[in-house]
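Enquirer: Need coordinates for the below:
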Amino acid sequence: MSDLELSYVGAPPPTLPTANIFDFIFSNPLRKNGPVSSHAPNAQSRNHIIPDIAPHKPLLVDPLTAAQVSWDRVRIDSLRVAAGLHALGLQSSPAVPHSSTGHTPIISPVVLLHLPNSLAFAPLLFGVMASGLTVTMANPALTSGELAWILKSSEPKVVVTTPEGLQVLNAAITESDSPKVKANLINTRRVYIVDPAHDEYGLPCSHSKGTALDQHSQDWKALLAPKPLRAPVQFKSSEYKERTAVILWSSGTSGKSKGVVLSHQALVSNVHSLWHINPAFDGNQRWLGFAPFYHIFALCNVLILAVASGATIFVMPKFDPKLMLSHVQRFRVTFLHMAPPVAVLLAKSPMLDEWDMTSIQGAVSGGAPLPSEIVEQVYRRLGILIKLGYGLSEAGSVCNQVGETWEVIQPQLGNTGVPCFGIELKIVSVDDPTKIVAKGLEGEILIRSPTNMTCYLNNKTATDEALDSEGWFHTGDVGKVDTNGHLWITDRLKDVMKVKGFQVSPSELENILCGSPSVADAAVCGLFDAGLASELPRAYVVPSSKPLLAQCTPNGPVTPELQALAQEIKQLVESKTVSSPGSYATLTNVPDFATCMSYCSAAGSSVCTTVTYIGTACYLKQSFSTIIRPSSGNTATIYYAPPAYPAPVANGQYRSSGCGTPLNSAISAGGASSVFYGNGSDGYVHSYNVHVPSGYDPNKAAPLILVFHGRGDSGSQVESETGFSLARINPYGIAVYPTAIQDSAGQATWQGDPSYVGNTTINDLNFVRTLVANISSQYCIDTSRVFAAGFSNGGGLVNVLACDPVMSTVFNAFAPHSGAYYTQTSDSNTACFPNTVLTNDLVHSVCSPSGRVPMIEFHGDNDGVIPYFGGGRRGYCLPAIPHWSQDWATRNNLTTDNVTTVTNGGNVTKAEFGSLSGLLGLVTQFRLAGWGHEYSLGSNMGPIDAAAFSLDFFYRWTNPAGPSQDYLSSIYASTTSARVVSCPSTLSITTTTTTYTSTSSSTVTTTTSTSTSSSTISTTASSSNSSSTPSITPASSLTTAVTVSGSGTPVTSASAVSANGVSTSLNGYPVYTTTPSCPGSNGTYYYDPYTGTGIPNGLYYFIMCGYDLLSGSPTNFAATSWQQCFSICDNFATCTSFTFHNGYCYIKRVVSPYTSLGGDYVQASQNPVRGNLVTVAGGTTISGSSTSPGGVVVSSSTTSTSLGPMSWMPTEPCI
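Expert: Below you'll find the model as predicted:
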């Protein structure tokens, strides 16, 4: 028999890499002439060699909060973690074997990550690798017994887990019965916590130490050393084959996990192999990260490969079908890494009909076999090609993969393709592994590759069975190689079941069954369910000689004890797949109801709105449809309290023509934005994304915000980059994100850019004017609150709009960020003087706004694209930002003097113009120290949340009461956005003028009724003082500004102010339309002009000074004025009254007995009352549903608890 007839395919790599995996993937290895090209023939000619990765490019994004961590931030923070581990005294081991297995792995001290997917996962993982230590990872769903085995086997020196994982870990430490484990972890406080509910990684000041959960644990950020390692630890080139990078855990037939030891060389070789089988990839990939990072599939195919290639991962803690589809549409995801059940969903679920999947270029399935029928169904339905392949943890992820096009795959459906780069494969006789069988014959599959494992940890017997002396790994799988060299999998020698992508040991289930005195013997096998694309376990039992009591049923005799044992099997399998009817996630061993609610709070209100807590299980749900009672559980639903901006109003003076028009069926209020297309007068087809807030009412005029992207980006990208669609920032405004027409270079670009100089076809000003008109005719828009924001080239367009005589009247305020303000002056050294250049733009020779223009600008002073201090760029002169700001002050008839305030530890400098004209801040500029060319958000380590400050500026300068109203102070002081003001709690602000602003910390009591204390929270209060020295004012002594729209000058005292402006009477009481105050307004009605006209709408409030309403407060928030209380109450469908006390609004839902408390208590109740309170007794359970709760909420408890950015509220049953 000739060699050509033998079942041997593939080839070894021409050379072997020698590098620390961290060093390798962060070296931009896939660039032309990079490390990968030196290990592959003709690699330079492949079309997926990528350019250098931009350091600021997002690597990890939380799709729910838009928090993101850049590629370079992960690199630096990983080196900081490495330095932190070295500071603990942990160093890489010398070149000696860990055990005498016949193989020689070099295993340094081990760090265990016991975590779900999160933003913190990457710096922790790569930090261990950079330090030269060994990382191991464990499924957070493991039982304490399973985790105890891993602890005893790997003896970690450090463990990172979650709050819920800490309980399992503590039990596992005890069960491990290992003195070394206890000494490593308990005695040294080397247990670190990633708390999803409170972790602020990705936000400013995330270097803070956090809070320990017990005396043995610390927050994980304590590992972030102030100074990172200069470079990752390097080894001798001869050691990378044995130097252990990671230990993974794979269930074996014994029921105990086996530690798969993978070297640095194995992981580096894996990158080569994976990239060379994906030639369609480029440097602009966007992936979803729901496959668990602790598994070989996601570790190599998603996390490591994303770093090497510059892809962006949208991180999901676990798979959720609706969220996955939403994220694909919103973020234009390009590739899916999934388990077979997800492929089944793509093939068959009717949910997909509601979502846009056209951005997906391809997919790969791993973790378990996928029927070829599903692959074909997905391609026929969606045009998505799921690549078929074969891989194992022991062989470094993917070993084989078939074709790159449907034309190649279709004739070969069922096979797994040819070996990947650098991998050899052969089929040997099952009876004699030394003999290679002929092509077409079945036998055991053997793999040899530098990606192979070094050994099984501390398991010489298993290692010797799996790895032979020639380096071949015996997979235990049966298959054949056809004449074309393609591998077909036909059977398995192993009996481990794959249940929905998780490995389950039959012997472990058999042990459970045999533990019963009623069972003499048991056997468990897996049966494949094509509908689920997963194996399911089936048990066969032999009853013991002990008599079994059977019950007669229509289906035959049934033994209750065996039924109970079968239930044990079911519970074990479900504990590894985590499912619960009506919920998208089930958390076990949750200590109490409050903790259960905190997990839902951490997930975000766009994901989790409802929880049910039964026993110690916490069920997270997106919404509910029915109530089930009685039950032994407790249930609660959240309400996201919005910022205290004036709510949209009906019958206002500035209603657009679109008021009364029903919402377009293509738009889901509060959901993902929708894309629309239209033909412009310039002959181009324009697209724009529209996001409508959840509380939108077609009869109430809403603000409109247009947000313009930077050059080369899109409307979808600027939406995710800025956060104007987030409810916590923009609860009321409709946000529109247009996409520009491409310039000659193929970049989507706005007017005002050099590429459009001399172009007479493009007229973005006309397009924007038409777009505003169209939006105003289709939606109910407040034409006095139309705002423009933009980034980079989009910020330049905002400047052009503000300079235009017409467009400056279409918009009411402007907020560019890092704007490209090109002037008509050339960039020559003899012409470009940034501090004095004429600040016109490339559209207008003279900037000529029609009247005063409110302008706020944000700019990093380390911006390398549009420099803060200006200069020549692309043929034109950019002004220095201070000079540009002064010119805007001059155009607004203001002096160039400004009030300068320094905040955030010197990282933010605010310059406000207009103090001498009584218009302080009409032009405001924020200088962001050290910040580059990136939109600054609280979620991307930005020194300021620019979108929030922009909206505060917009509302402030379109407030009918004048610019004295400062909404942002209440936003940042309230518990609804506590994550934004993470540090420090007490801050003294330094200024360069005699006007000083300071904040101080105080403790405020939250109450179920405002007269009964239940819990405390920390908040901040603001004060402005004019003096010669800075002053810190105690929060308890701050005066309360009581301001109502249209009321004129604010009232700065909460007492001794007489009411005035009587307009009519109601029920024998006078009605006032001006600012209510106490004691003068006691016993009178106040008419709230912000909500329209007419008593039927509940627009009259009865004022009672010194009184509180004795009913539960569903939520409370900091407020600086009555106006905020009224507008928020108007926006709550169930609010009938509120109490204003000590700077807080307490929202009520029913009129009940009052009590006299005196002091500064003020009660305001609507007339007539809207709705009635229906009490739900304890023990309420909610059945899950995919429908929106529509603002009707349910709870078994009447206790109000403040948890992070959301407030929990007592609830009413569905009617």
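Enquirer: Which stretches in the stretch 701-850 of the chain count as helices?
Expert: With DSSP state H, counting those that start in this stretch, the ranges of helices along the stretch 701-850 of the chain come out as 715-722, 764-778, 793-803, 807-810.
Enquirer: for these, which one sits closest to residue 825?
Expert: Of all the helices of the stretch 701-850 of the chain, it is helix 793-803 that lies closest to residue 825, at 15.0 Å by CB to CB. C-beta: built from backbone N, CA, C; applies to glycine.
Enquirer: The helices of the stretch 701-850 of the chain: which one's closest to residue 826?
Expert: Closest approach to residue 826 among the helices of the stretch 701-850 of the chain is made by helix 793-803 (17.3 Å; CB to CB).
Enquirer: just for the stretch 1001-1150 of the chain, where's the confidence low?
Expert: The model of the stretch 1001-1150 of the chain has pLDDT under 70 over residues 1001-1075, 1087-1100, 1108-1135, 1142-1144, 1149-1150.
Enquirer: any idea where the strands of the stretch 101-250 of the chain begin and end?
Expert: 110-113, 134-137, 158-161, 191-193, 217-219, 244-251 (DSSP state E, counting those that start in this stretch).
Enquirer: Apologies, that question was intended for the stretch 851-1000 of the chain.
Expert: All strands of the stretch 851-1000 of the chain, identified by DSSP E, counting those that start in this stretch, fall at 855-860, 871-873, 876-878, 898-903, 908-913, 923-928, 990-991, 995-1007.
Enquirer: what comes up buried for stretch 300-317?
Expert: Residues of stretch 300-317 classed as buried: 300-317 (neighbour count, 16 or more other CB atoms under 10 Å).
Enquirer: Could you work out the end-to-end span of that stretch for me?
Expert: 17 Å (CA to CA, to the nearest Å).
Enquirer: same check, this time on stretch 358-365
Expert: Stretch 358-365: ends 19 Å apart by CA to CA.
Enquirer: Just the mean pLDDT for it, thanks.
Expert: The predicted model gives stretch 358-365 an average pLDDT of 89.
Enquirer: which of the helices of the stretch 701-850 of the chain is buried the deepest?
Expert: helix 793-803 (a mean of 28; mean count of other CB atoms under 10 Å).
Enquirer: Help me confirm that residue 269 is found in a helix?
Expert: Yes: with DSSP: H, G, I helix; E, B strand; the rest coil as the criterion, residue 269 is assigned to a helix.
Enquirer: how much space between it and residue 275?
Expert: Noted for residue 269: a distance of 11 Å to residue 275, by CB to CB, to the nearest Å.
Enquirer: before we move on, back to that, weakest of the strands of the stretch 101-250 of the chain in terms of mean pLDDT?
Expert: Out of these, strand 217-219 stands lowest, with a mean of 84 (criterion: mean pLDDT).
Enquirer: now for it, which elements pack on it?
Expert: Counting contacts by 3 or more CB pairs under 8 Å, 6 or more residues apart in numbering; DSSP states H and E, strand 217-219 packs against strand 191-193.
Enquirer: Identify each buried residue in the strand it packs on, please.
Expert: 191, 192, 193.
Enquirer: What distance do you get for the nearest residue to the first one once chain neighbours are set aside to residue 193?
Expert: Across the structure, with CB to CB, 6 or more residues apart in numbering as the measure, the residue nearest residue 191 apart from its sequence neighbours is residue 217 (4.4 Å). Look at residue 217 and residue 193: by CB to CB, they are 5 Å apart.
Enquirer: quick one: common contacting residues for those two?
Expert: Residues touching both residue 217 and residue 193 (CB atoms under 8 Å, 6 or more residues apart in numbering): residue 166.
Enquirer: Can you verify my assumption that residue 878 contacts residue 871?
Expert: Yes: Residue 878 lies in contact with residue 871 (CB atoms under 8 Å); the separation is 5.9 Å.
Enquirer: joint contacts of these two?
Expert: The contact lists of residue 878 and residue 871 share residue 834, where a contact means CB under 8 Å, 6+ apart.
Enquirer: Same drill for those two, tell me which one is more crowded.
Expert: Taking other CB atoms under 10 Å, residue 878 and residue 871 do not tie; residue 878 has more neighbours (27 against 15).
Enquirer: quick one: the more buried one from residue 470, how far?
Expert: Distance check for residue 878 against residue 470: by CB to CB, it reads 64 Å.
Enquirer: possible to save the helices of the stretch 701-850 of the chain as CSV with distance to residue 905 and mean pLDDT?
Expert: What follows is the helices of the stretch 701-850 of the chain, written out as CSV (distance: least, CB to CB, whole Å; pLDDT from 0 to 100):
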stretch, distance to residue 905, mean pLDDT
helix 715-722, 24, 91
helix 764-778, 38, 95
helix 793-803, 26, 97
helix 807-810, 36, 94
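Enquirer: Select, out of these, the one closest to residue 164.
Expert: Comparison of those against residue 164 by CB to CB identifies helix 715-722 as nearest, at 29.4 Å.
Enquirer: tell me the angle the closest one makes with helix 793-803.
Expert: Helix 715-722 and helix 793-803 are oriented at 90 degrees to each other (axes from the mean of the first three to the mean of the last three CA atoms, to 10 degrees).
Enquirer: Can you name the residues in contact with helix 715-722?
Expert: The contact list for helix 715-722 (CB under 8 Å, 6+ apart) reads 61, 66, 330-332, 673, 675, 687-689, 691, 707-710, 713, 725, 735, 737-739, 789-791, 794, 817, 935, 937, 946-947.
Enquirer: Distance of residue 308 relative to residue 334?
Expert: 16 Å.
Enquirer: What's the local residue count around residue 429?
Expert: Neighbours of residue 429 under the rule other CB under 10 Å: 14.
Enquirer: my guess is it contacts residue 446, does it?
Expert: No: using CB under 8 Å, residue 429 is not in contact with residue 446, being 10.9 Å away.
Enquirer: Could you double-check that residue 192 lies in contact with residue 156?
Expert: No: in this structure, residue 192 is not within contact of residue 156 by CB under 8 Å, at 11.4 Å.
Enquirer: Surely residue 444 is in a helix?
Expert: No: going by three-state DSSP, the assignment for residue 444 is strand, not a helix.
Enquirer: Show me the shaky parts of the stretch 301-450 of the chain.
Expert: By pLDDT under 70, the weakly predicted segments of the stretch 301-450 of the chain are 367, 402-412.
Enquirer: For it, just list every one of the strands.
Expert: 312-315, 335-338, 362-365, 386-387, 389-392, 397-401, 418-419, 424-428, 443-448.
Enquirer: can you tell which of these is closest to residue 861?
Expert: Nearest to residue 861 among the strands of the stretch 301-450 of the chain is strand 312-315 (26.5 Å), distances taken as CB to CB.
Enquirer: ok, the closest one: who's next to it in the sheet?
Expert: Paired with strand 312-315 in the same sheet, following DSSP bridges, are strand 58-61 (parallel), strand 286-289 (parallel).
Enquirer: so what's residue 475 closest to, chain neighbours aside?
Expert: Residue nearest to residue 475 in three dimensions, not counting chain neighbours: residue 445, with 4.6 Å by CB to CB, 6+ apart.
Enquirer: Now do the contacts for the one you found.
Expert: By CB under 8 Å, 6+ apart, the residues touching residue 445 are 425, 426, 427, 475, 477, 478, 479, 487, 489.
Enquirer: State whether the fourth one is indeed within a helix.
Expert: No: inclusion of residue 475 in a helix is not indicated when three-state DSSP is applied; the result is strand.
Enquirer: Can you name the residues bridging to residue 859?
Expert: Residue 859 has the following beta-bridge partners by DSSP bridges: residue 927.
Enquirer: Surely residue 764 is in contact with residue 750?
Expert: Yes: under the criterion of CB under 8 Å, residue 764 makes contact with residue 750 at 5.4 Å.
Enquirer: Return every residue with contacts to both of these two.
Expert: With CB under 8 Å, 6+ apart as the test, residue 764 and residue 750 both reach 740, 797, 800.
Enquirer: List the residues that contact the first one.
Expert: If I follow you right, that is residue 740. 708, 709, 748, 749, 750, 764, 793.
Enquirer: Great, nothing more from me.
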